[in-house]
Every structure is written in structure tokens, then in C-alpha cells.
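In: sharing a sequence plus its predicted fold:
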Amino acid sequence: MNIVLTLLIVIAGIIALLLLAAIFMRKQYSIQREIIIDAPLQTVFDYLKQLKNQDYFNKWVMVDPDMKKDFTGTDGTIGFIYGWNGNKKAGEGEQEITAMEDGRFINTEVRFKRPFPGIAYANYVTAYISEKQTKIIWSNTSAMKYPMNIMVSMIENMLAKDMDTSLHTLKEILEK
């Protein structure tokens with residue numbers, strides 16, 4: 001009986017320590033990744049602004065090939081919404097184009113419903129390098145409420161790796 005009680009006290013202590021640590025940890029994260037694509041700026045921008053094209057390069061979209069998708073509006077324009085409802089990994093949510101300047105940037109708001117509700121901002125900036133080269137800067141920012149903010153560093157590392165994978169896939173597509 002003493003072993004069980006000791007184990008419960010240790011577990012409760014660890015949980016209390018984690019909850020206390022979360023009070024002092026940051027709640028926001030911001031990740032930025034970039035890549036240079038050997039393709040003209042307008043070609044790259046025109047591909048990125050079509051949110052349906054994420055089906056071919058975005059690692060998060062590809063985790064559930066059978067996910068249900070719903071589209072509202074005209075793809076590639078402000079107000080277009082790409083909705084999804086997938087397996088446990090894909091979750092459920094929607095992404096809306098909220099601002100855009102042709103050849104320069106695309107701002108989106110990602111609204112998650114499942115597995116956890118939340119809002120993130122995923123934005124692309126395209127920059128002219130040369131007639132045949134374009135830099136893409138992809139940023140992702142959000143905030144996590146207490147006590148979930150204990151996972152901010154883990155989320156940043158995971159997102160950075162997944163964004164790099166997605167950008168390399170995008171590079172392969174656009175450089176064919």
C-alpha cells in the first residue's frame with residue numbers, strides 16, 4: 001500500500017510542478033521557414049494562392065488522404081475557405097485567405113475545431129531573387145492557453161520540421 005501511495009504522491013507532484021512551470025512559460029509561438037525555388041515569382045505566387053494546391057505539398061493536409069474537404073468561395077481570392085474533417089492526425093478545421101497582394105504575400109487564418117480548438121495565422125511572403133528564382137517565407141503564429149502552453153517548444157520544433165518538409169515538396173513540384 002505504501003508503494004501505491006508513494007507513487008500517487010510522486011505523480012501528483014510532477015503534475016503540480018508542470019502546472020506551476022506552465023504559469024511562467026510563454027503562451028505564443030512564431031515559426032518562420034524559407035526556401036528558394038528555381039521558378040519565376042509569378043509562377044510560385046499563383047501556385048501558392050490556390051489553397052487547394054496544399055493537397056500536393058502540405059504535410060498536414062496529406063496525413064489523411066480520405067479526409068472530407070469543403071470549399072467556400074473562389075480559390076485564390078480573399079475570403080476563400082478550405083475546410084477539412086479528417087482522421088485523428090488531420091483533425092477538423094478551416095483555413096481562410098484573409099489578405100493578399102499579388103506577387104507579394106498571402107495571409108491566412110487557420111481555425112482548428114478538433115482535436116483542440118484554436119486559431120493560427122499561416123502566411124506566405126514571396127520575394128523576387130531573379131527572373132528564375134523566388135524566395136518563399138512561410139510563417140506560422142499562434143497562442144496556446146494555460147496549461148497547454150507547456151507544449152509551446154515541442155509544437156515549434158514539430159511545426160518547423162513539418163514546414164521544412166512541405167517547402168521541399170513544394171520546391172520539387174514547382175521546379176519540374
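Out: Happy to help now that I have it. Numbering: from 1, shown residues only.

In: need the longest strand for this protein.
Out: Counting residues, the longest strand in the chain under DSSP state E turns out to be strand 118-130.

In: which neighbouring elements make contact with that strand?
Out: Here strand 118-130 touches helix 41-48, strand 105-114, strand 133-143, going by 3 or more CB pairs under 8 Å, 6 or more residues apart in numbering; DSSP states H and E. From N, CA and C alone the C-beta is placed, and that goes for glycine too.

In: which among these is found nearest to Ile31?
Out: Among these, strand 133-143 comes nearest to Ile31, with 4.9 Å by CB to CB.

In: mind listing what's buried in the next helix-or-strand element following the closest one?
Out: Later in the chain than strand 133-143, the nearest helix or strand by DSSP states H and E is helix 152-174. Going by neighbour count (16 or more other CB atoms under 10 Å), the buried part of helix 152-174 is 152, 155, 159, 162-163, 165-167, 170-171, 174.

In: kindly report the same for stretch 90-109.
Out: Neighbour counts over stretch 90-109 (16+ other CB under 10 Å) mark 90-97, 100, 105-109 as buried.

In: before we move on, what about stretch 111-120?
Out: Residues of stretch 111-120 classed as buried under the neighbour-count rule (16+ other CB under 10 Å) are 112, 120.

In: hmm, who's touching it?
Out: With CB atoms under 8 Å, 6 or more residues apart in numbering as the test, stretch 111-120 has contacts from 88, 91-96, 109-110, 140-142, 144, 148.

In: what does stretch 53-61 give?
Out: If you take CB under 8 Å, 6+ apart as the criterion, stretch 53-61 is touched by 47, 62, 67, 82, 84, 90, 162, 165-167, 169-170, 173.

In: a markdown table please, covering those and showing distance to Leu41 and pLDDT.
Out: Output for the contacts of stretch 53-61, formatted as a markdown table (distance: CB to CB, whole Å; pLDDT from 0 to 100):
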| residue | distance to Leu41 | pLDDT |
| --- | --- | --- |
| Tyr47 | 11 | 98 |
| Met62 | 26 | 88 |
| Met67 | 31 | 94 |
| Tyr82 | 23 | 98 |
| Trp84 | 29 | 97 |
| Ala90 | 31 | 90 |
| Asp162 | 25 | 96 |
| Thr165 | 23 | 97 |
| Ser166 | 19 | 97 |
| Leu167 | 16 | 98 |
| Thr169 | 19 | 98 |
| Leu170 | 14 | 98 |
| Ile173 | 16 | 98 |
